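Novice: Here is my input, please return the structure:
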Amino acid sequence: MDQPNTELSPSHLQSARARLVAQGSLLAAVLGVFGALVLFGHLSLIGGLIGFVAVAAAVAMLPARVVTVTQAVEAAQPVPAAAPPSVNIFADALVDPCLVLDRRGVVVHANGAAQRQFPALGNGNPLTLSMRNPELVQAIDNANRTGTSRSVELHETIPSETWEKVVVSPLLRPGVDWFEDDQRQLIITFQSLTELKRVDALRSDFIANASHELRTPLASLLGFIDTLLGPAAKDAVAREKFLGIMRGQAERMSKLIDDMLSLSRIEMHQHVRPSGTIELRGLLREVREGLMMQAKAADLEIRLSLFEGPSTTIGDRGQLYEVFENLLENAVKYGAEGKFVEMSLAPSSRPGFAHQVTVIDHGPGVEAEHVPRLTERFYRIDADVSRKKKGTGLGLAIVKHIVHRHRGQLSIKSKPGEGMRVDVFLP
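Specialist: Presented below is the predicted three-dimensional model:
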């Protein structure tokens, strides 16, 4: 407890001195009156003394001006509590969907992302009218009942397959008990896991497919090695035949590993746009020359058509060489029945792109349902034919990733009996 301050200020001391001087002057005047009365015989000496004492006592008992001693203390003004942040403004600032519910589970606010993702939601309506997922309803009930956060993962298949991580959090106000708060609210946030799930699935499929692709040639190698160590140990003809097959299987594994490493390197720099300068006419001539021996072995002609205008573009020369080599090699492998394949460079027919490289074969073509999946990793229409032609199932996947890295577009068209046409549009 604070002690009162009894120290007088200078103004208070001056007032007290003035009061004492006034009382002294009054007593001096009274003494003079009584002295005169005694001197002139109107009052005895004893009576004069008694009268003076009585008057002095009366003067002393006169009410003096009350001097209030105070301490000039500045009253501590209460510090206004910081205005609580607006929940609605905070929710609107979030990129992910966010809902604010009252204690009854009624939506009191939905940010823009939530309104776009859940158009059926409306303020003033219970959430369960629009979202009937039992796990979400249970999480809301548990958060409301316990005052603690709950997290669930929602998997929807209609209209498309999606995954969402949903966090239900109570909005706790300082100094207010959750269970006694009549204005308590719940904050629900949604985080999309669809892309992560898709990447995980692709990774799992990739590992499974890569393991399968490597297991087959490895099993062949082990089988032939055991044969050479056993029954064919002294058979020169069988040994030469088996060694040739083993070399082919080893080459297949080497090609598969090279393609997987190439795909990994491309994905590592997927979001970094190349900065080099390339002259496409010279690059396509090199690609054609590099595959002439393979085309000759397949009794196939490669027809190259190059326009005479500017053909310079920005890109990674090694990667673009790999793109056109893969496309032309596929045309040579699978379009040999047409006796010739075509590769051309021309101005782009699509707005926003400068160059268009087209590779056309006149082979058997593929059914329409296979075309969208041709760029998937390890996707093959006929696995046996692909393996016989030393295909790894990664060529078009590599092409797609490189073209996307160069901010280009890839178009594949094919019909049974009409061959296949692949267009690469470069900016």
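
Novice: Longest helix in the chain, by number of residues?
Specialist: What stands out as the longest helix in the chain, according to DSSP state H, is helix 194-229.

Novice: Check which helices and strands the helix or strand following that helix sits against.
Specialist: Where DSSP states H and E defines the elements, the next helix or strand beyond helix 194-229 is helix 236-268. Counting contacts by 3 or more Cβ pairs under 8 Å, 6 or more residues apart in numbering; DSSP states H and E, helix 236-268 packs against helix 194-229, helix 395-405. Using the backbone N, CA and C atoms, a C-beta is placed for each residue, glycine as well.

Novice: As TSV, those with distance to residue 300, mean pLDDT and mean neighbour count would be great.
Specialist: Shown next, in TSV, are the helices and strands packed on helix 236-268 (distance: least, Cβ to Cβ, whole Å; pLDDT from 0 to 100; neighbours: other Cβ atoms under 10 Å):
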stretch	distance to residue 300	mean pLDDT	mean neighbour count
helix 194-229	27	78	13
helix 395-405	18	85	21
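
Novice: Between these, which one is closest to residue 422.
Specialist: helix 395-405 (8.1 Å; Cβ to Cβ).

Novice: Mind giving me the packing neighbours of that closest one?
Specialist: On a contact count with 3+ Cβ pairs under 8 Å, 6+ apart, helix 395-405 meets helix 236-268, helix 317-334, strand 409-414, strand 420-426.

Novice: swap the cut-off to 7 Å and go again
Specialist: If you count contacts as 3 or more Cβ pairs under 7 Å, 6 or more residues apart in numbering; DSSP states H and E, helix 395-405 packs onto helix 236-268, helix 317-334, strand 409-414.

Novice: Hey, what's the angle from that helix to helix 317-334? Just curious.
Specialist: With axes from the mean of the first three to the mean of the last three Cα atoms, to 10 degrees defining the directions, helix 395-405 sits at 150 degrees from helix 317-334.

Novice: who touches helix 395-405?
Specialist: Contacts with helix 395-405, where a contact means Cβ atoms under 7 Å, 6 or more residues apart in numbering, come from 259, 262-263, 266-267, 269-270, 274, 319, 322-323, 326-327, 330, 374-377, 409-410, 424.

Novice: if we go to 8 Å?
Specialist: Contact with helix 395-405 is made by 259, 262-263, 266-267, 269-270, 272-274, 316, 319-320, 322-323, 326-327, 329-330, 374-377, 409-410, 412, 424, 426, as judged by Cβ atoms under 8 Å, 6 or more residues apart in numbering.

Novice: of the helices and strands packed on helix 395-405, which approaches residue 133 most closely?
Specialist: Among the helices and strands packed on helix 395-405, helix 236-268 comes nearest to residue 133, with 34.3 Å by Cβ to Cβ.

Novice: So for stretch 290-302, what gets flagged as buried?
Specialist: Going by neighbour count (16 or more other Cβ atoms under 10 Å), the buried part of stretch 290-302 is 291, 295, 298, 300, 302.

Novice: can you list these in a markdown table and add distance to residue 359?
Specialist: A markdown table is the format used below for these (distance: Cβ to Cβ, whole Å):
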| residue | distance to residue 359 |
| --- | --- |
| 291 | 11 |
| 295 | 13 |
| 298 | 15 |
| 300 | 13 |
| 302 | 10 |
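
Novice: count of neighbours near the nearest residue to residue 279 once chain neighbours are set aside?
Specialist: Residue nearest to residue 279 in three dimensions, not counting chain neighbours: residue 312, with 5.5 Å by Cβ to Cβ, 6 or more residues apart in numbering. Using other Cβ atoms under 10 Å, residue 312 is surrounded by 11 other residues.

Novice: now do residue 310
Specialist: Neighbour count of residue 310, defined by other Cβ under 10 Å: 12.

Novice: Pretty sure it sits in a strand.
Specialist: No: counting by DSSP: H, G, I helix; E, B strand; the rest coil, residue 310 falls outside a strand, being coil.

Novice: rank the helices and strands packed on helix 395-405 by pLDDT, which is bottom?
Specialist: Per-stretch averages of pLDDT across the helices and strands packed on helix 395-405 put helix 236-268 at the bottom, with a mean of 79.

Novice: Could you list every helix and strand in contact with the following helix or strand past that one?
Specialist: Downstream of helix 236-268, the next assigned helix or strand under DSSP H and E is strand 277-279. Strand 277-279 sits against strand 312-314, with contacts defined as 3+ Cβ pairs under 8 Å, 6+ apart.

Novice: now the strand it packs on: mean pLDDT?
Specialist: Confidence over strand 312-314 (mean pLDDT, whole number) is 86.
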